[in-house]
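K.L.:
show me how the following folds:
(chains A and B)
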Amino acid sequence: MVEVTSLTKRYGSVTAVDDISFKADSGEILGFLGPNGAGKSTTMNIITGYISSTSGTVKVDGYDILSEPKQAKMKIGYLPEIPPLYIDMTVRRYLDFMFDLKRVKLPKKEHVEEVMRLVHITDKGDRIIKNLSKGYKQRVGFAQALLGNPPVLILDEPTVGLDPKQIIEIRSLIRSLGKKHTVIFSSHVLSEVSEICDRVIVIAGGKIVADAKTDELAATLSGNLKLSLLIEGTPSTVITELKKIPDVTGVRKERESGDNVCKYTVDYNKGADIRRDVFSAMARVSCPILEMQSGNESLEDMFLRLTKEKGGKKK
Amino acid sequence: MIAILKRELSSYFRSATAYVVMGVYFFFSGLFFYLYCFRGNSSNLSYVYANMFYIIMFIIPIITMKTFSEEKRQKTDQALLTSPTGLTEIVLGKFLGAFLLFALCSVIFLVYAVVISFFAQPQWSVILCTFVGLMLLGSAFIAINVFISSLTESMIVAAVAGMAIGLLVDMMTYFINAINVDWITAVLEKINFINYYQNFTYGVLSPVDIVFFLSVTALFLFFTVRVLEKRRWS
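P.N.:
You can find the predicted model right below:
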């Protein structure tokens, strides 16, 4: 549905997007993950035809965005990072305008109402956009992208700045839309991407550093395993004892949390399970374990590692 | 194009812009009308028209200052440029919106003519001819100011720059008199708006003048399209 081939964008000597290629099929929710400034928005702006690429091609449903922009743009619904709202208009008037601008060929009134229902803004139809809260503005932006039922939806950080309830709503909306549309959506929140998306592309420094199915991502990329512990006892004793356990590769004292109580992080080899050993070791020196959490390297850590390792070297 | 035009007009009338512009326009044209025609006891509107040049110079940048600068600042240009509507249509829609507001303001002149007709026989041919001239002058100015607006993100900068250009155009005659270099004066003479506009106020409808203003309009609208296009590629 969306086919991006060796896309590159340079601003003078700065390479914002560096040779990115990927494909998103219809009915797929593709997550675009990367730290701020990784090139997510730039890539999306190129796909939607807002800016041009230095080299490389973008095809939307077979139409090239540069040579057949009209047909390609008809297929896309775009919600930029900052929703493009005319704040002096009412919600309904704005959506009417966007309907005309996008040359949608559906019955106007019904379609606008339907889209408003979908994002739950029907009761705000006659409010002036300026006076709406951030969450509602975001939804109006969403509604605008949905006009005309485009097969491809491109959403640039749609949940930023929303409250938790709104985030959950928007996420479930994206998930339900993903059944019929191709959705490419960007975020720098990993849990969000792993929750919603079928596939994740991690970009950093303008390059793709990982492209995998969400559930495979953790398995293929995770490194050492971790255990975090809260133990009461003299830190030096605790550390020596922990280090004696087979398969432990490292022990770090994270911070003191109260009287003689410290938090530790223990790294250990893949495939091992050291929890019982830790328990008996600590029992031997009578240092009670107050908390034990097996923290396989979290997606967040992995993400940081990935983007630091591979994205750091910019050309 | 129609969608953009409708939005532009509704934005003028939904904000204070349209009313302030019309108020100022009507006030000053009315003042000139009173001074020249009533006080001066004349049925000749051409002085009023000639003086409107100054008002247009200030009014038009106010009308057009928002057209593209504000879109860029509010990032709403993302919606425009990623829609299937082409750049030329976007620019034309914005231009026509501003032009219609200006035309609506200028209809007041026809009212003045009707007022005069109660007291004396107005020269309808001259009045209509001048009206056409005013429309053409306005469209050229609007195109220039839309172009200026596309260059900046700040509507204040767009307005001030537009007024400065207007002043320069107005002072062209002084420059021509002050400069002694033949080829420069020859060039300035050719682009002096007032030379072309004046013919209309005399009741002369010449193709040269019409073509001049239409070309300026087309040229600057074309420049505007190019500026927007260039922004995509930079």
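K.L.:
residue ranges for the helices of the chain, please.
P.N.:
Picked chain A for this. A:40-47, A:69-74, A:91-101, A:108-118, A:134-146, A:164-177, A:190-196, A:214-221, A:235-244, A:275-284, A:299-311 (DSSP state H).
K.L.:
wrong chain, I was asking about chain B
P.N.:
Under DSSP H, chain B gives helices at B:2-14, B:17-33, B:46-64, B:69-73, B:77-81, B:87-106, B:108-119, B:124-151, B:155-178, B:182-191, B:193-201, B:207-233.
K.L.:
in a markdown table, list those along with mean pLDDT, mean neighbour count and distance to chain A.
P.N.:
Placement of C-beta: from N, CA and C, glycine included. Shown next, in a markdown table, are the helices of chain B (pLDDT from 0 to 100; neighbours: other Cβ atoms under 10 Å in any protein chain shown; distance: least, Cβ to the nearest Cβ, whole Å):
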| stretch | mean pLDDT | mean neighbour count | distance to chain A |
| --- | --- | --- | --- |
| helix B:2-14 | 91 | 18 | 3 |
| helix B:17-33 | 91 | 16 | 10 |
| helix B:46-64 | 86 | 21 | 16 |
| helix B:69-73 | 92 | 19 | 9 |
| helix B:77-81 | 92 | 23 | 4 |
| helix B:87-106 | 94 | 21 | 9 |
| helix B:108-119 | 87 | 15 | 26 |
| helix B:124-151 | 92 | 22 | 16 |
| helix B:155-178 | 90 | 16 | 14 |
| helix B:182-191 | 88 | 12 | 34 |
| helix B:193-201 | 87 | 20 | 33 |
| helix B:207-233 | 93 | 16 | 5 |
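K.L.:
redo these as TSV? Include distance to residue A:231.
P.N.:
Formatted as TSV, the helices of chain B follow (distance: least, Cβ to Cβ, whole Å):
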stretch	distance to residue A:231
helix B:2-14	66
helix B:17-33	69
helix B:46-64	71
helix B:69-73	56
helix B:77-81	53
helix B:87-106	66
helix B:108-119	87
helix B:124-151	66
helix B:155-178	63
helix B:182-191	85
helix B:193-201	86
helix B:207-233	59
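K.L.:
indicate which one of those is closest to residue A:161.
P.N.:
helix B:77-81 (17.3 Å; Cβ to Cβ).
K.L.:
helices or strands up against that closest one?
P.N.:
If you count contacts as 3 or more Cβ pairs under 8 Å, 6 or more residues apart in numbering or on different chains; DSSP states H and E, helix B:77-81 packs onto helix A:91-101, helix B:87-106.
K.L.:
and with 10 Å instead?
P.N.:
Contact here means 3 or more Cβ pairs under 10 Å, 6 or more residues apart in numbering or on different chains; DSSP states H and E; on that basis helix B:77-81 packs against strand A:76-79, helix A:91-101, helix A:134-146, helix B:69-73, helix B:87-106, helix B:207-233.
K.L.:
so which of these is nearest residue A:292?
P.N.:
Here helix A:134-146 is closest among the helices and strands packed on helix B:77-81 (Cβ to Cβ), at 38.7 Å.
K.L.:
got the CA coordinates for the closest one in PDB?
P.N.:
Only the C-alpha atoms of helix A:134-146 are listed here, as PDB (Å, rounded to 0.1, in the frame of the first residue of the first chain):
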ATOM      1  CA  LYS A 134      -5.900  20.100  23.500                       C
ATOM      2  CA  GLY A 135      -7.500  16.600  23.500                       C
ATOM      3  CA  TYR A 136     -10.400  17.800  21.500                       C
ATOM      4  CA  LYS A 137      -8.200  19.700  19.100                       C
ATOM      5  CA  GLN A 138      -6.300  16.500  18.500                       C
ATOM      6  CA  ARG A 139      -9.500  14.600  17.800                       C
ATOM      7  CA  VAL A 140     -10.600  17.300  15.300                       C
ATOM      8  CA  GLY A 141      -7.300  16.800  13.600                       C
ATOM      9  CA  PHE A 142      -8.000  13.100  13.600                       C
ATOM     10  CA  ALA A 143     -11.400  13.600  12.100                       C
ATOM     11  CA  GLN A 144      -9.900  15.700   9.400                       C
ATOM     12  CA  ALA A 145      -7.500  12.900   8.500                       C
ATOM     13  CA  LEU A 146     -10.400  10.400   8.400                       C
END
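K.L.:
re earlier: quick check: which of the helices of chain B is nearest to residue A:252?
P.N.:
The nearest among those, by Cβ to Cβ, is helix B:77-81 at 45.9 Å.
K.L.:
export the helices of chain A as CSV, with columns for mean neighbour count.
P.N.:
Shown next, in CSV, are the helices of chain A (neighbours: other Cβ atoms under 10 Å in any protein chain shown):
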stretch, mean neighbour count
helix A:40-47, 25
helix A:69-74, 19
helix A:91-101, 22
helix A:108-118, 16
helix A:134-146, 22
helix A:164-177, 16
helix A:190-196, 18
helix A:214-221, 14
helix A:235-244, 16
helix A:275-284, 14
helix A:299-311, 17
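K.L.:
dump those helices to a markdown table, plus distance to chain B and mean pLDDT.
P.N.:
Output for these, formatted as a markdown table (distance: least, Cβ to the nearest Cβ, whole Å; pLDDT from 0 to 100):
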| stretch | distance to chain B | mean pLDDT |
| --- | --- | --- |
| helix A:40-47 | 8 | 92 |
| helix A:69-74 | 4 | 91 |
| helix A:91-101 | 3 | 94 |
| helix A:108-118 | 11 | 92 |
| helix A:134-146 | 7 | 91 |
| helix A:164-177 | 18 | 86 |
| helix A:190-196 | 23 | 80 |
| helix A:214-221 | 28 | 64 |
| helix A:235-244 | 53 | 87 |
| helix A:275-284 | 52 | 89 |
| helix A:299-311 | 25 | 66 |
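K.L.:
any idea which residue sits dead centre in chain A?
P.N.:
residue A:187 (2.9 Å; Cα atoms, centre = their mean).
K.L.:
can you put the helices of chain A in JSON lines and add distance to residue B:38?
P.N.:
Output for those, formatted as JSON lines (distance: least, Cβ to Cβ, whole Å):
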{"stretch": "helix A:40-47", "distance to residue B:38": "59"}
{"stretch": "helix A:69-74", "distance to residue B:38": "56"}
{"stretch": "helix A:91-101", "distance to residue B:38": "43"}
{"stretch": "helix A:108-118", "distance to residue B:38": "51"}
{"stretch": "helix A:134-146", "distance to residue B:38": "53"}
{"stretch": "helix A:164-177", "distance to residue B:38": "63"}
{"stretch": "helix A:190-196", "distance to residue B:38": "72"}
{"stretch": "helix A:214-221", "distance to residue B:38": "80"}
{"stretch": "helix A:235-244", "distance to residue B:38": "98"}
{"stretch": "helix A:275-284", "distance to residue B:38": "100"}
{"stretch": "helix A:299-311", "distance to residue B:38": "76"}
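K.L.:
for residue A:67, grab the count of nearby residues.
P.N.:
For residue A:67, the neighbour count with other Cβ atoms under 10 Å in any protein chain shown is 10.
K.L.:
got a list of what it touches?
P.N.:
A:57, A:59 (Cβ atoms under 10 Å, 6 or more residues apart in numbering or on different chains).
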